[in-house]
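[1] Predicted structure and sequence below. I'll ask about it afterward.
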Protein chains: 2
Amino acid sequence: MKIAVDAMGGDKAPEVVVQGALEAASKFDVHVILVGHEASLTGLLANHKTDGRVSIHHCEEMVGMEESPLKALRKKKDTSIGVAFRLAKEGVADAVISAGNSGATLAAGVLALGRISGLERPAIASIVPTENGPIILIDAGANVDCRPAQLFQFGVMAHAFGCSCLAMAKPKIALLNIGEEGSKGNELVRYTYDLFEKSSLNFVGNIEGRELLRGDVKIVVCDGFVGNVALKLTEGTAESMARLMKRELMRTFLGRIAFVLGRKAFFRFARELSYEEYGGAPLLGLKGIGIICHGGSSAKAICNAVNMAAQYARNRTVEKMSLELKSYNLGQGI
Amino acid sequence: MKIAVDAMGGDKAPEVVVQGALEAASKFDVHVILVGHEASLTGLLANHKTDGRVSIHHCEEMVGMEESPLKALRKKKDTSIGVAFRLAKEGVADAVISAGNSGATLAAGVLALGRISGLERPAIASIVPTENGPIILIDAGANVDCRPAQLFQFGVMAHAFGCSCLAMAKPKIALLNIGEEGSKGNELVRYTYDLFEKSSLNFVGNIEGRELLRGDVKIVVCDGFVGNVALKLTEGTAESMARLMKRELMRTFLGRIAFVLGRKAFFRFARELSYEEYGGAPLLGLKGIGIICHGGSSAKAICNAVNMAAQYARNRTVEKMSLELKSYNLGQGI
């Protein structure tokens, strides 16, 4: 399995990205193609035994974190993310991962590989750790204004991905909403409810934000605006709580002792809620494989993302997704 | 100051509501009118010295938590929430608070008191405790589908309320969005951005979910769908984290000791993030005062909500809000 890694994308690129790629190549049955500036990358690979499982594909340019994705891709023909997806298109790579500009990853993926036939819009499936194992939140930010048929397709894709790559069996699917009854919510969610209800998916209705991290419902569907706000809010709340708790503990002598004694548990627990375990968010709906990693990804996150990309390819998930989408014959304009 | 309290509304009504009302009457300079079933309420007041500062206004019916607000209000003419707002309309009460069906509180408030002239839609302003004092999140669930002019008016109302009742001075206002740049977000937010930018409010642009609980931005504006999801997600994340942390600590001997030693700090810290301090979410935009309390409100929350309602009335906040809204002459249909 050959995985193209955008070596120039991410807050700590290329160093940390290369480190993660090296880890993946030594741990998993993959070949990693580092796409980026050869001179910088060669230096980082020196002193590492790669057994020929890591190679470099040179390119001159990159898309910056703050650049407008489409403008950057139009202007620069030789960016690391663009070239990585071109390798996937040519069959040289089986999958692409990037911790760079996520809009550019989405755009470059669609431009190079195209969408699954019959699919309206690709979406970002964020794999969220919960009290009860990972769940999929889709869409995590690719589509800020959606129609019901699009939301429904997001659910179908996440279902195929969850079953194929996360060992989910008949996962419960719900819409993220502001109440449990089918009559609740905004227009978009109310119409989407009906589409899910008519399907053969294991649709359990609406889920409120309060229940999300319990992890009982495995696939949570919403538009990309709500999904992105939700994800960042979850991260922010966890961080704020950790800071507040430390501040409170530090105020008293007993609290400080408690903090020192409980240190390991605090870290273990923080790790449980960390995105590192899955490494990245698969971009579902491409005729191929793309994984979007957090800009601040650690080497471990990159390593795990490479592994997920390999599984994604090995399990023929795109084909399964395509068949599942085809089985729902949605009319246009819903 | 006379505050009408819907004694029948809330998961623990009427017992806990009455207890909170009694506390408020003994602590603050208010007279509480308990609106509800006289026979049940008289029993709860027995053995309490109220110095004539708590009275009962009898009514026969109530709106259940699961009932459709408009249908219930149309069918039952003598519900506790309906009667409470009627007392406000007649000038017998200065404000209304309820921990009951929030849709019914909103509807009964609008029906009895009407909207501030020129205002399109009333909204729920949730007062959220953060690392850096309380902030206002508006709309917390009254309006699931909004137009830009409505979101803008939410911001103006929250500004007037924050300055008048929460001692905010030139509070920073931002839109809840998925990125910081003005070009980010869905259509609704992008158009609303321009309206705020042209205003004389202290608009600082967009805020991401990650920053919300830092509490630097004091007024955060979004539609009621996003706001309600966000609020419940914050609560749920905090609860999940607390459970996960306890589970991790309990796994080891040192962890268990840490938990016992740190107990007080844990509770203090949980209290800091609790909604109890402010008791309820003011319903902004009525020609009068309504406060929506959490269904599971404690006596303390009810007591604090009564105090907030009294301040709201005392500071003539509705008049200030009305003047501030008038100063922005928005065209129709935006």
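    Arrived safely, thanks for sending. Numbers count the residues shown, from 1 in each chain, chains lettered A, B, ... in the order given.
[2] and the spatially most central residue of chain A, what element?
    With distances taken as CA atoms, centre = their mean, residue A:281 lies nearest the centre of chain A, 0.5 Å away. Element membership of residue A:281 [criterion: DSSP states H and E] is strand A:280-284.
[3] Report the distance from the helix or strand following that strand to the chain centre.
    Sequence-wise, the next helix or strand beyond strand A:280-284 is strand A:290-293, with elements assigned using DSSP H and E. Centre-to-centre, strand A:290-293 and its host chain are 5 Å apart (CA atoms, centre = their mean, to the nearest Å).
[4] which non-adjacent residue is nearest residue A:326?
    Take residue A:326 and drop its neighbours on the chain: the residue closest to it by CB to CB, 6 or more residues apart in numbering or on different chains is residue A:118, 6.1 Å away. Quick note: C-beta positions are derived from backbone N, CA and C, even for glycine.
[5] hang on, that neighbour packs against residue A:325?
    Yes - the pair residue A:118 and residue A:325 qualifies as a contact (CB atoms under 8 Å) at a distance of 5.6 Å.
[6] Neighbour count: those two, which is higher?
    residue A:325 (21 against 12; other CB atoms under 10 Å in any protein chain shown).
[7] Now do that one against residue A:200, distance only.
    13 Å (CB to CB, to the nearest Å).
[8] ditto for residue A:23
    40 Å.
[9] coming back round to it: before we move on, which element is the residue nearest to residue A:326 in?
    Residue A:118 belongs to no helix or strand, assigned by DSSP H and E.
[10] Repeat that for the one 10 residues further on.
    Under DSSP H and E, the secondary-structure element containing residue A:128 is strand A:123-130.
[11] For residue A:70, give me its contacts.
    Listed by CB atoms under 8 Å, 6 or more residues apart in numbering or on different chains, the contact set of residue A:70 reads residue A:107.
[12] quick one: the helix or strand where residue A:230 lies near chain B?
    Assigning secondary structure by DSSP H and E places residue A:230 in helix A:224-250. Yes - interface with chain B: helix A:224-250 contributes A:224-226, A:228-241, A:243-245, A:247-249 (CB under 8 Å from any CB of the partner chain).
[13] one step back: out of residue A:23 and residue A:200, which sits in the busier spot?
    Counted by other CB under 10 Å, residue A:23 and residue A:200 do not tie: residue A:23 has more neighbours, with 18 against 7.
[14] Tell me the secondary structure at that one.
    Using DSSP: H, G, I helix; E, B strand; the rest coil as the criterion, the local structure at residue A:23 reads helix.
[15] in terms of contact, does it touch residue A:301 like I think?
    No - judged on CB under 8 Å, residue A:23 makes no contact with residue A:301 at a distance of 10.5 Å.
[16] before we move on, the earlier item: go ahead and confirm the residue nearest to the centre of chain A touches residue A:128.
    No - in this structure, residue A:281 is not within contact of residue A:128 by CB under 8 Å, at 9.5 Å.
[17] Look up how far chain B lies from the residue nearest to residue A:140 when sequence neighbours are not counted.
    Spatially, and ignoring its direct neighbours in sequence, residue A:140 is nearest to residue A:126 (3.8 Å; CB to CB, 6+ apart). When distance is defined by CB to the nearest CB, to the nearest Å, residue A:126 is 13 Å away from chain B.
[18] Any idea what residue A:126 is bridged to?
    residue A:137 (DSSP bridges).
[19] what's the neighbour count on it?
    Residue A:126, neighbours per other CB under 10 Å, totals 27.
[20] what does residue A:55 give?
    Residues lying near residue A:55 (other CB under 10 Å) number 15.
[21] cool, and residue A:263?
    When neighbours are counted by other CB under 10 Å, residue A:263 comes out with 13.
[22] What of residue A:316?
    Residue A:316 has 11 nearby residues by other CB under 10 Å.
[23] swap in residue A:228?
    So residue A:228, with other CB under 10 Å, has 26 neighbours.
[24] Could you do residue A:47 as well?
    With other CB under 10 Å as criterion, residue A:47 counts 6.
[25] Just say helix, strand or coil for it.
    coil.
[26] Distance of it relative to chain B?
    37 Å.
[27] and the gap between that residue and residue A:22?
    Taking CB to CB, one finds residue A:47 at 11 Å from residue A:22.
[28] quick one on the thing from earlier: what's next to the strand holding residue A:281, contact-wise?
    A:97, A:99, A:105-106, A:109, A:122-127, A:138, A:140, A:142, A:154, A:157-158, A:161, A:165, A:289-294, A:297, A:301, A:304-305, A:308-309, A:312, A:321.
[29] Please apply the same query to stretch A:193-203.
    Here stretch A:193-203 makes contact (CB under 8 Å, 6+ apart) with A:148-149, A:151-152, A:155-156, A:159, A:170-175, A:182, A:185, A:205-206, A:221, A:328, A:330, A:334.
[30] do stretch A:84-97 as well
    Counting by CB under 8 Å, 6+ apart, A:1-6, A:33, A:35, A:57, A:81, A:98, A:105, A:108-109, A:111-113, A:280, A:288-293, A:302, A:305-306, A:309-310, A:312-313 sit against stretch A:84-97.
[31] which of these count as buried?
    Buried members of these, scored by 16 or more other CB atoms under 10 Å in any protein chain shown, are A:1-6, A:33, A:35, A:57, A:81, A:98, A:105, A:108-109, A:112-113, A:280, A:288-293, A:302, A:305-306, A:309-310, A:312-313.
[32] Those in helices, which ones?
    A:81, A:105, A:108-109, A:112-113, A:302, A:305-306, A:309-310, A:312-313 (DSSP state H).
[33] before we move on, the earlier item: how about the residue nearest to the centre of chain A: which residues does it bridge to?
    Under the criterion used here (DSSP bridges), residue A:281 is bridged to residue A:292.
[34] Report pLDDT for it.
    Residue A:281 is assigned 95 on the pLDDT scale.
[35] average pLDDT across the host helix or strand of residue A:135?
    In this assignment (DSSP H and E), residue A:135 forms part of strand A:133-138. The average pLDDT within strand A:133-138 is 95.
[36] Let me know the angle separating that strand from helix A:224-250.
    Between strand A:133-138 and helix A:224-250, the angle comes out at 140 degrees (axes from the mean of the first three to the mean of the last three CA atoms, to 10 degrees).
[37] Closest one to residue B:15 out of the ones in helices among the buried ones among the contacts of stretch A:84-97, please.
    residue A:305 (53.4 Å; CB to CB).
[38] Grab the nearest non-local neighbour of the closest one.
    Per CB to CB, 6+ apart, closest to residue A:305 is residue A:279, 3.1 Å.
[39] Show the backbone phi and psi for that neighbour.
    phi 80, psi -40 (degrees, to the nearest 10).
[40] looking at it, it is touching residue A:302, isn't it?
    Yes - with contact defined as CB under 8 Å, residue A:279 reaches residue A:302; the gap is 6.5 Å.
[41] which residues are common contacts for these two?
    residue A:293.
[42] okay, stretch A:251-270 in PDB with CA atoms only?
    Output of stretch A:251-270 as PDB, limited to C-alpha atoms (Å, rounded to 0.1, in the frame of the first residue of the first chain):
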ATOM      1  CA  ARG A 251      -5.400  27.000  45.300                       C
ATOM      2  CA  THR A 252      -5.000  24.600  48.300                       C
ATOM      3  CA  PHE A 253      -2.300  22.400  49.700                       C
ATOM      4  CA  LEU A 254      -4.400  19.300  49.500                       C
ATOM      5  CA  GLY A 255      -5.400  20.200  46.000                       C
ATOM      6  CA  ARG A 256      -1.700  20.400  44.900                       C
ATOM      7  CA  ILE A 257      -1.000  17.000  46.400                       C
ATOM      8  CA  ALA A 258      -4.100  15.700  44.600                       C
ATOM      9  CA  PHE A 259      -2.800  17.100  41.400                       C
ATOM     10  CA  VAL A 260       0.600  15.500  41.700                       C
ATOM     11  CA  LEU A 261      -0.900  12.100  42.700                       C
ATOM     12  CA  GLY A 262      -3.500  12.200  40.000                       C
ATOM     13  CA  ARG A 263      -1.200  13.400  37.300                       C
ATOM     14  CA  LYS A 264      -1.000  10.200  35.400                       C
ATOM     15  CA  ALA A 265      -4.700   9.700  35.400                       C
ATOM     16  CA  PHE A 266      -5.200  13.200  34.200                       C
ATOM     17  CA  PHE A 267      -3.000  12.500  31.200                       C
ATOM     18  CA  ARG A 268      -4.500   9.100  30.500                       C
ATOM     19  CA  PHE A 269      -7.900  10.700  30.500                       C
ATOM     20  CA  ALA A 270      -6.800  13.600  28.300                       C
END
